[in-house]
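J.: Structure of the sequence below:
(chains A, B and C)
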Amino acid sequence: MEGSSSCVRKGAWNEEEDILLRQCIEKHGEGNWYKVPSRAGINRCRKSCRLRWLNYLRPNIKRGGFKEDEVDLMMRLHKLLGNRWSLIAGRLPERTANDVKNYWNTHVRKKEIPCISNMKEKAQDIVKVNVIKPRPRTVSKKLTWLCDKLTTAESFDPVNKDHVEGDHEKAPLSTINDEPNRVLRAEKIAPEIKIGDTFDEDGPSCLADFSFDMNLWDFLYAEQ
DNA sequence: AAGCACAGCAACCGCACGCAA
DNA sequence: GTTGCGTGCGGTTGCTGTGCT
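T.: Numbering: from 1, shown residues only, chains lettered A, B, ... in the order given. Below you'll find the model as predicted:
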């Protein structure tokens, strides 16, 4: 494993490393993480660089405590998605998967423990909940038709459930790795896909998760 | 003031996936 | 079909700050 290399630095990042990494990404953009350590002149493994950028240095990251509505949305999403932190974080604006995961593990899970013990007492009554777990997906280079449209599609504000003009509009494809943007933009460009449709392997199966996402919003907002 | 316990968060690790050769 | 590379994700660890005794 690359992280086991003895010559790369580990542990907390210092200010100088942050600056170097930020400058490198501002210059070359996100992606090509394997080149980042050498480009930036940082003695860190590429994973560490990526993580630092995604969880800390990236612009528009909201830090500090979660608001009540964010927690509420998080709990609804977790109920539906399970521990898919990246998907949950994608629907909580300016929050990172690591933040969501940490918050859940430290705050929310504690509250759930009494509930879980209660549930165990009623184990025989539990109806198996179908947790929907779409696999994480990267934008395939083969999907150039989709990529082209993604870069021009309107962005989507998951909180207001409304289309908005925003920074995502300007984002290069390499930065459109956040699941919700890809998903929701695909909704826009494939409106003919109906909820519950199934696809052949050779058909638009790549959009199967997208139709799932439409169900997600129905689920979330029907509950409110 | 010192020691201890706990909570919160940043970072690491291992694994799985997509893609290209 | 297989293999290696690059990437992303979720689980876990361990450091640091804070409160309590």
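
J.: Can you pull the domain assignment for chain A?
T.: What automatic domain parsing lists as the domains of chain A is A:2-57, A:68-125, A:144-223.

J.: Which residues of chain A lie near DNA strand C?
T.: Near DNA strand C, the residues belonging to chain A are A:11-12, A:31-34, A:46-47, A:50, A:83-87, A:97-98, A:101-102, A:105, A:136, A:138, A:177, A:179 when assessed by Cβ under 7 Å from any atom of the strand. C-beta here means a position set from N, CA and C on the backbone, and glycine is covered the same way.

J.: Using ChimeraX, define a selection of the buried residues within those.
T.: When burial is assessed using 16 or more other Cβ atoms under 10 Å, the buried subset of the residues of chain A next to DNA strand C is captured in ChimeraX by this command:
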select /A:33,46,50,84,85,86,87,97,177,179
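
J.: Narrow the residues of chain A next to DNA strand C to those in helices?
T.: Secondary structure assignment by DSSP state H places A:Arg46, A:Lys47, A:Arg50, A:Trp85, A:Ser86, A:Leu87, A:Ala97, A:Asn98, A:Lys101, A:Asn102, A:Glu179 of the residues of chain A next to DNA strand C in helices.

J.: need the contact list for the fourth one.
T.: So that's A:Trp85. Neighbouring residues of A:Trp85 by Cβ atoms under 8 Å, 6 or more residues apart in numbering: A:Ala97, A:Asn98, A:Val100, A:Lys101, A:Trp104.

J.: among those residues, which are within reach of DNA strand B?
T.: Filtering the contacts of A:Trp85 for proximity to DNA strand B by Cβ under 7 Å from any atom of the strand leaves A:Asn98, A:Lys101.

J.: Between the contacts of A:Trp85, which sits nearest DNA strand C?
T.: For DNA strand C, the closest of the contacts of A:Trp85 turns out to be A:Ala97, at 4.8 Å, with distances computed as Cβ to the nearest atom of the strand.
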